[in-house]
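Student: Here is my input, please return the structure:
(chains A and B)
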Amino acid sequence: MRFSATCIAAITIASAAHAADPSQKLSITVYNNNLALVQDERRLDVPAGRTRLEFKDVSASIKPETVALSGAGLGVVEQNFDYDLLTPSKMMEKAVGHEIEIVRTIPGTGQQTHEKAIVLSVNSGVVLKIGNRIEVLSADGLPTQVIFNSIPENLRAQPTLSVTVDAAQGGPHDVTLSYLTTGLSWKADYVALFDEKQNALNLQGWITLTNKSGTSYKDAKTQLVAGDVNITGEYQNNNWQPPRPANHSAGTQASNEASIADYNLYTLPERVTVAEAQTKQVGFLDQQGVSAKKVYEYRTDSFASSEEPSHADVDIDFSNRGKALPVGTMRVYIRDQAGEPKFAGEDNISHTPAGSELSVKIGEAFDVTVQPTLVSSEKLSRWRTRYTMSYLLRNAKPEPVTVELRQGGLWRDGKVETESFASRRIDANTLGWSAPVPANGETTLTFTVDSGD
Amino acid sequence: MIVRIARFSFLALLMANGPGFADVLSQRPDMVAVTFYHEGMVDTADLLRADPLSGIRESGIAFITETRTIDLPAGPATVKLEDVASTMVPETATIEGLPQGVLEQNFDYDLLSPGSLLANSVGETVRLVRTDTKTGKRVEQTAIIRSGPNGTVFEVDGKFEALHCSALPEKLVFDHLPGGLADTPTLSVRTDAPAAGHYTIKLSYIATGLNWSADYVARVEPGSNTLALSGWLTLANFSATSFEHVPVDVVAGELQTTGNDTPQDAKQVFLPTDCWPTRIEWGKFPPAVYAPSVVNALVPPPPPAPGQDRSTETVVVTASKRIEAQALGDYKLYPLPEPVTVAANQTKQVQFLDQSGVAFERLYQYSVYSDEPDSELQKADIVLRLRNDKDGGLGKPLPAGGVSVFEKTRDGIPILTGQDSIRDMAVGLPFDIKIGRAMDIPVAARLVNSTTSGRGRDRRQDNEIEIVVQNRKAISVAFEFRQVMAEMEIASESEPHALRSGYAAWDFRLAPGERKILRYAIRHPL
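Tutor: Residues are numbered from 1 along each chain as shown, chains lettered A, B, ... in the order given. I've put the predicted structure just below:
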């Protein structure tokens, strides 16, 4: 470096307005949990010495503590984020001690009087000094215009980031501004058209990007990070629900997406404009004929009677081959008798590696019901009980169905003593039966278990 | 008026979109079809009351399918689909029929309002018009807006003033709409057609604020053990969009929903209140319009009295236009036989079931839910027991809903004898309608004795219970007594019980004036 840093020069202000800058290159990296990294590259003409750069179009939801400005030959002296917005009351507060002009209109005649006044105080009312008189503004309720000579320098129409830099050399500099902002978020939305006869699913995936950050991002290179990124001190999701384990077995296939650290990264194919108050969707997945099947399931963890029958759950089971599925909502559609697709229910899915077995619950079967009856219970020891259960499975559909019944609530050494047809052990605490129910008919499953302790 | 504003936004769009993308505007759909769903059973009284604080106005979902025709130029184009439902859930939108599919779709909901107009006009030159109240003389000046809706500051001739702080009659006049504001919720889609042409596209999406409920009216046919059952669907539209003369389907059954399907809220831009002395209430949102109808929940909503509420309309379907349930996967789909109009903030009722000769059994029931009943004199429940099958004169899927039972007095005047609700009822299921309590079937259940016996692991408690029931009616009645408990053993009983869907039941026939005593003991391990 040929020049020594002799830069205690006067501070000049270079305004770096966004929109009209052709050298500007924006890129945004959006996370699932209401967070995005904005990188703003542009070429700025910076004189040698200290210069204050103003960035007006930064996100209104910027996290100022994460701002970083870098550029070859530039050193950052200080950075400020001014929230002081220009409003009439702020204007009046800043005018204390300064001269303003007041214009009164006499109601009877419409005649106007102009007077100069000094603002003495703004405390639940404005006290003015006009000549040698002291008055309260608009105390008489008559129309009174207030005219200010200027806008105070640090009041702005929008939040503004200003960075004071120290340039070794005058001239154009490539500057990169980066910061984190809230208000941008993304998730996946899946459209799954299920064909029951073919046991097939047509699966389309959309990336849904929402911008409530208060600012538009023009022609931004957009990347999306899929994965559970830990963010400290943030209430991460307003709609948090206990996740239902849609994912039966996690896959082991490598997905085609690029990955960064332990997260998958999706890059939109071209630069996009993400406007304020916009929901933007871009397709990322289109798989035809994914093999899938419908399963009726009834789960319980207790040995108890029910006065009324319950409807069996309807699940769609399938495997996502080849593609990882980012967190989102899967909406399942089926065709009605006229062949038109109709909405048939939705479920949340979590980040799912490629090759996983998924089970998506879409709703409850109107015509397939399960009614449990506790026939008898007998205490075997302090903690063990022998339960005899009877499950009445009814099917009002014109075709036979199989109900997957899951009886939880077994403990150590729990076992089946008798059963009307064979069970299998799902896990240590759960027994499973695949119970066939004839068309327009019913099946009764009875069993006796020792609950174990 | 809509057309005029649409033209403005069209121009603004051209500017906003830049070169390379042609704009294609579809102002309204040619055809709309609406399928109503609901999440769980909905009480019709809630739909009619439409209390804005209850959340009912945001509940319920509909699947909307729109057919639109557009003229696409060759090459990249942005198709603006206007006049979609105001409560559209944008991420659920799918479009079929575009030659090259969808590159990208956007939903903009920066809706035009006084606040958003100001927010999007910072830095713009506008006209400031002041009117002299005495003379009516208008003074017009050129002003530049310096700050937005949180308190507007404008510049006139290099000096600065605040809007609506001077108590002068003053207004801002805009020569054009700022870009990016839509007067109607608009979905825009980028596509790239290989050749220009006339295309028919199908847009489908989920919208909220559309809901439905089912209600039944059971009229007991005098002198027989049958009733006439009619079923009504109530459709409610709490969105700001009217659906006129559209085909409507209703889907019954429990769909799984995630709770994530919410319409995008318009960006909230409020106008200032902290000016120096002024009183300006220039809110952004129109006041919520809802029917102020007060519906007594005890009065059965359907069929409504004619002229009861302007926003409620009843469509009676004649026998020739019977609605038959179709299967939609594992749900039931009810296609309405002809197109209907469901206007914004309207409730509409359609009959879907009209079945006479439905067999029922009238019985009196009393249930004890503990092993220590409290000896008080109670009244037996009146129960109508039905079975949803062909033999019983029914055999149709019945969506969950409220049931109102009417019986005729000796003079032939129908009176309401009670209300209950039923759950989704598949064909073949038995069900009970509990309509009230019988004045003249008193029942008392008391704990007679409680003893323990055995030692250690075999230690147990026996509770002896006595039930006394009397028929003070002039006719003989069927009586069912139920002991409902999670885990129990009947150690002894004066008459044998039956195990019936989860409870122990004793059935008696009681002659007029007959008094019956039942004794049994419940055994618990200790």
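
Student: check contacts around B:A195.
Tutor: Contact analysis of B:A195 by CB atoms under 8 Å, 6 or more residues apart in numbering or on different chains lists B:74, B:99. (Each C-beta comes from the backbone N, C-alpha and C, glycine too.)

Student: how far away is it from B:L103?
Tutor: Distance of B:A195 to B:L103, given as CB to CB, to the nearest Å: 17 Å.

Student: how about the residues of the stretch 101-250 of chain A near chain B?
Tutor: Contact residues (CB under 8 Å from any CB of the partner chain) of the stretch 101-250 of chain A with chain B: A:101, A:103, A:105, A:107-110, A:125-126, A:137-138, A:141-151, A:157-158, A:187, A:189, A:191, A:194, A:196, A:204, A:206, A:208, A:210, A:212, A:216, A:239, A:241.

Student: among those residues, which are in helices?
Tutor: Per DSSP state H, helices hold no members of those.

Student: Could I have the ChimeraX command that selects the buried members from the residues you listed?
Tutor: In ChimeraX, a selection of the buried entries from these looks like this (16 or more other CB atoms under 10 Å in any protein chain shown):
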select /A:103,105,126,137,138,143,144,145,146,147,148,151,157,158,187,189,191,194,204,206,208,210,212,216
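
Student: residues in contact with the residue lying closest to B:N120 once chain neighbours are set aside?
Tutor: Leaving out its chain neighbours, the residue that sits closest to B:N120 by CB to CB, 6 or more residues apart in numbering or on different chains is B:P178, at 3.8 Å. Counting by CB under 8 Å, 6+ apart, B:P178 makes contact with B:12, B:117, B:120-121, B:124.

Student: quick one: the helices in chain B?
Tutor: Taking DSSP H as the test, the helices found in chain B are B:2-17, B:44-49, B:114-119.

Student: mind exporting the second one as PDB, just the C-alpha atoms?
Tutor: Spelled out, that is helix B:44-49. The C-alpha coordinates for helix B:44-49 follow below in PDB (Å, rounded to 0.1, in the frame of the first residue of the first chain):
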ATOM      1  CA  THR B  44     -75.100 -24.200  13.000                       C
ATOM      2  CA  ALA B  45     -76.000 -21.700  15.700                       C
ATOM      3  CA  ASP B  46     -72.400 -20.600  15.700                       C
ATOM      4  CA  LEU B  47     -72.400 -20.100  11.900                       C
ATOM      5  CA  LEU B  48     -75.600 -18.000  12.100                       C
ATOM      6  CA  ARG B  49     -74.300 -16.000  15.100                       C
END
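
Student: residue contacts, whichever residue of chain B sits closest to chain A?
Tutor: The nearest approach of chain B to chain A comes at B:G502, 2.7 Å away (CB to the nearest CB). By CB under 8 Å, 6+ apart, the residues touching B:G502 are A:304-307, A:371-374, B:484.

Student: what residue is smack in the middle of chain B?
Tutor: The residue lying closest to the centre of chain B (CA atoms, centre = their mean) is B:N211, at 2.9 Å.

Student: what bridges to B:L386?
Tutor: Per DSSP bridges, the residues bridged to B:L386 are B:F431.

Student: Tell me the spacing between it and B:V220.
Tutor: Distance of B:L386 to B:V220, given as CB to CB: 12 Å.

Student: what does A:E340 give?
Tutor: In this view, A:E340 and B:V220 are 41 Å apart by CB to CB.

Student: One more: B:E480?
Tutor: 19 Å.

Student: thinking A:A167 is in contact with A:P47, fair?
Tutor: Yes: using CB atoms under 8 Å, A:A167 is in contact with A:P47, at 6.8 Å.

Student: the more surrounded of the two?
Tutor: Ranked by neighbour count (other CB atoms under 10 Å in any protein chain shown), A:A167 and A:P47 place A:A167 first, with 22 against 13.

Student: Would you list the phi and psi of the more buried one?
Tutor: When read as degrees, to the nearest 10, the backbone of A:A167 gives phi -100, psi 130.

Student: Test of understanding: give the bridge partners of it.
Tutor: Counting by DSSP bridges, the residues bridging with A:A167 are A:G49, A:L74.

Student: so who does it touch?
Tutor: By CB under 8 Å, 6+ apart, A:A167 lies in contact with A:7, A:46-49, A:51, A:73-74, A:173.

Student: Out of these, which end up buried?
Tutor: Buried members of these, counted by 16+ other CB under 10 Å: A:7, A:46, A:48-49, A:51, A:73-74, A:173.

Student: Quick one, which of these has the minimum pLDDT?
Tutor: Taking the buried ones among the contacts of A:A167 together, the minimum pLDDT is found at A:C7 (34).

Student: In TSV: the contacts of B:P178, plus pLDDT and distance to B:F243.
Tutor: Output for these, formatted as TSV (pLDDT from 0 to 100; distance: CB to CB, whole Å):
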residue	pLDDT	distance to B:F243
B:A12	34	29
B:L117	82	29
B:N120	81	31
B:S121	85	35
B:E124	88	38
